[in-house]
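Engineer: Okay, predicted coordinates and the sequence, questions at the end:
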Amino acid sequence: MVLALALVAATSAFAINKGTLHISEAAQIGGQPLSAGEYQLRWDGAGPNVEVSVLQGRKLVAKVPAQLVEQKQAASNDSAIVDRTGATPTVKEVRFAGKKYSLALSSDRASMGGSMK
């Protein structure tokens with residue numbers, strides 16, 4: 001039983017986590033501009049520090065550092081926390097329905113992407 005538990009823990013450590021981000025207005029993530037629309041977020045590991053890939057369809061539009069932040073209760077729906085104090089709205093945090101964690105996105109410059117295979 002201990003071996004089975006260790007195997008499950010080891011495989012989950014290498015699992016790719018994912019979630020959906022819907023933004024209803026143009027915004028930026030890590031300085032990278034995004035148009036309104038739906039994006040997939042993918043990251044490796046259980047944190048706290050992760051690198052998030054932002055995809056629109058199969059196209060990688062940005063990679064940005066983030067931290068997984070534990071929440072006291074699960075989010076009731078997917079949502080994005082957007083900072084509107086600057087010239088361009090900036091996505092600062094993403095919460096996922098049914099999950100007790102969120103992604104706090106870094107304001108460091110995102111790297112540009114291509115397509116995911």
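Structural biologist: Received the coordinates, thanks.
Engineer: Could you point out the helix or strand that follows the longest strand seen in the chain?
Structural biologist: Ranked by residue count, the top strand of the chain under DSSP state E comes out as strand 59-70. Using DSSP states H and E, the helix or strand that directly follows strand 59-70 along the chain is strand 79-83.
Engineer: quick one: the helices in the chain?
Structural biologist: 2-13 (DSSP state H).
Engineer: What ranges in it fall below the confidence cut-off?
Structural biologist: 1-15, 108-117 (pLDDT under 70).
Engineer: Which residue is the nearest non-sequential neighbour of the most centrally placed residue in the chain?
Structural biologist: Nearest residue to the geometric centre of the chain (Cα atoms, centre = their mean): Leu41, 4.5 Å. Spatial nearest neighbour of Leu41, chain neighbours left out: Gly19 (4.9 Å); criterion: Cβ to Cβ, 6 or more residues apart in numbering. The C-beta positions use only the backbone N, C-alpha and C, and glycine is treated the same way.
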